[in-house]
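In: Give me the fold of what follows.
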Amino acid sequence: MAPRANWKGFLRLSLVTCPVALYPATSEGEKISFNQLNRQTGHRIKYLKVDADTGDEVPNEDIVKGYELEKGQYIEVSKEELEEIALESTRTIEIDEFVDRTDIDPRYLIRPYYIRPDGKVGHDAFAVIRETIREMDKVAIGRVVLTNREHIIALEPMDKGLVGTLLRYPYEVRSEQEYFDEIQDVKVTKDMLDLARHIVNQKAGRFEPEKFEDQYESALIELINQKRAGKTITPKERPRGENVVDLMEALRRSVSGAASESKATKKSAKKPPKAAAGQKEMLMSIQGKKPPKATAPKKPAKSQRKSA
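Out: Numbering: from 1, shown residues only. Down below sits the predicted model:
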């Protein structure tokens, strides 16, 4: 079953409009998560919303938003006042312009969403907008309000639907000069570049996400399984980084290392890829949980039972 839509409204290109729904394209639900416990009792920790001065718990209906002007001085803003300044983008994604994909700085990308027609009407208009973007080989730029904030959204066709990626505003992106100004200007020799290119060529491939495993998540699963099995946990030796003394020698050794690694990769490439099932399925079954019902074997014929 598909998840609930995060947003429903209209997608509009000039006078062409269709109802659409927006769904999260990614999920963190399969990752291992932890609860905070009281070490003494083993009970789960519960958080309460309390008044900072009185310490009394405050019910949700008495909680309002406030902007802090000075220390301890706030301007209260009600839900009704926020609704009064609602923008057109609260209910409509208006396509403002079309740009080349390469024009979008990766630092501005936030998260992707799937967009599809909402209901049985508007499929024709949706197809016109989708195929126009596809035919022009452009990215459509619009705006949408999610979680009470307006976002820039970049729309691209994918199969029969659209992928909308939220973008940051310029004030949300830090300047690289704050971090890069102190990097020393180093002249890289041609020999070094040639060796480095050779390493890159040996490691060249295509990006296939299914080849990658979340090693930390797998380590968490292994840790939980070992503790449930009552095994003693022994810390593993951490890899030690080595200081590079001779850069040219390090590059030469890397070339030979990349060559042997490439051969090993080709040998293992024929192995079937791991199933894309959720990581949590790798956990041990809970003790005492009923195993799945097996298919009952067929009863033997009467004559067979007599002779047994």
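In: rest of the way, CA atoms for contacts and neighbours
Out: Will do.
In: residue boundaries of the helices in the chain?
Out: Using DSSP state H, the helices assigned to the chain run over residues 79-84, 123-136, 177-180, 190-202, 215-228, 247-268, 302-307.
In: which residues touch stretch 55-68?
Out: 48-51, 74-79 (C-alpha atoms under 8 Å, 6 or more residues apart in numbering).
In: ugh, wrong one, I meant stretch 162-172
Out: Taking C-alpha under 8 Å, 6+ apart as the rule, stretch 162-172 contacts 108-116, 130, 151-157.
In: gap between the two ends of that stretch?
Out: 25 Å (C-alpha to C-alpha, to the nearest Å).
In: Stretch 134-144 now?
Out: Stretch 134-144: ends 21 Å apart by C-alpha to C-alpha.
In: Likewise for stretch 116-127?
Out: Rule used - C-alpha to C-alpha; the end-to-end distance of stretch 116-127 is 10 Å.
In: Tell me which residues touch Glu237, please.
Out: Residues in contact with Glu237 (C-alpha under 8 Å, 6+ apart): none are found.
In: So which helix or strand of the chain has the lowest pLDDT on average?
Out: Within the chain, no helix or strand scores below helix 302-307, which has a mean of 42 by mean pLDDT, DSSP states H and E.
In: now the contacts of stretch 55-68 in JSON lines, with distance to Ala125, pLDDT and neighbour count?
Out: Shown next, in JSON lines, are the contacts of stretch 55-68 (distance: C-alpha to C-alpha, whole Å; pLDDT from 0 to 100; neighbours: other C-alpha atoms under 10 Å):
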{"residue": "Leu48", "distance to Ala125": "48", "pLDDT": "93", "neighbour count": "10"}
{"residue": "Lys49", "distance to Ala125": "47", "pLDDT": "94", "neighbour count": "12"}
{"residue": "Val50", "distance to Ala125": "50", "pLDDT": "94", "neighbour count": "12"}
{"residue": "Asp51", "distance to Ala125": "51", "pLDDT": "93", "neighbour count": "11"}
{"residue": "Tyr74", "distance to Ala125": "47", "pLDDT": "93", "neighbour count": "12"}
{"residue": "Ile75", "distance to Ala125": "44", "pLDDT": "94", "neighbour count": "11"}
{"residue": "Glu76", "distance to Ala125": "43", "pLDDT": "93", "neighbour count": "10"}
{"residue": "Val77", "distance to Ala125": "39", "pLDDT": "90", "neighbour count": "12"}
{"residue": "Ser78", "distance to Ala125": "38", "pLDDT": "87", "neighbour count": "12"}
{"residue": "Lys79", "distance to Ala125": "34", "pLDDT": "83", "neighbour count": "9"}
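In: Just the buried residues of the contacts of stretch 162-172.
Out: Using 16 or more other C-alpha atoms under 10 Å as the burial test, those include 108-109, 112-116, 130, 151-157 as buried.
In: In strands, which of these fall?
Out: 109, 112-116, 151-157 (DSSP state E).
In: which sections of the stretch 51-200 of the chain are below the confidence cut-off?
Out: Within the stretch 51-200 of the chain, the segments meeting pLDDT under 70 span 86-89.
In: Try it again at 80.
Out: The stretch 51-200 of the chain contains residues with pLDDT under 80 at 82-90, 147-148.
In: How about the stretch 201-308 of the chain?
Out: Ranges of the stretch 201-308 of the chain meeting pLDDT under 80: 236-248, 251, 256-308.
In: Try it again at 50.
Out: The model of the stretch 201-308 of the chain has pLDDT under 50 over residues 270-277, 286-308.
In: Settle this for me: Ile141 is touching Asp100, isn't it.
Out: No - counting by C-alpha atoms under 8 Å, Ile141 sits too far from Asp100 to count as a contact (10.3 Å).
In: more neighbours, the two?
Out: The neighbour count for Ile141 versus Asp100, taken as other C-alpha atoms under 10 Å, is higher for Ile141 (21 against 11).
In: Dig out what that one forms beta bridges with.
Out: Residues in a beta bridge with Ile141, per DSSP bridges, are Glu97, Ala154.
In: what sits against it?
Out: Applying C-alpha under 8 Å, 6+ apart, the residues near Ile141 are 95-99, 152-155.
In: about what we covered before: and the two most separated of the contacts of stretch 55-68?
Out: Farthest pair in the contacts of stretch 55-68 (C-alpha to C-alpha) is Leu48 and Ile75. Separation: 23.4 Å.
In: just to revisit the earlier point, any idea which of the buried ones among the contacts of stretch 162-172 is the one closest to Asn6?
Out: Tyr113 (9.1 Å).
In: hang on, the closest one packs against Ala21?
Out: No - look at Tyr113 against Ala21 with C-alpha under 8 Å: they stay out of range, at 9.8 Å.
In: Quick check, Leu220 in contact with Ile32.
Out: Yes - if you go by C-alpha under 8 Å, Leu220 and Ile32 touch, sitting 7.4 Å apart.
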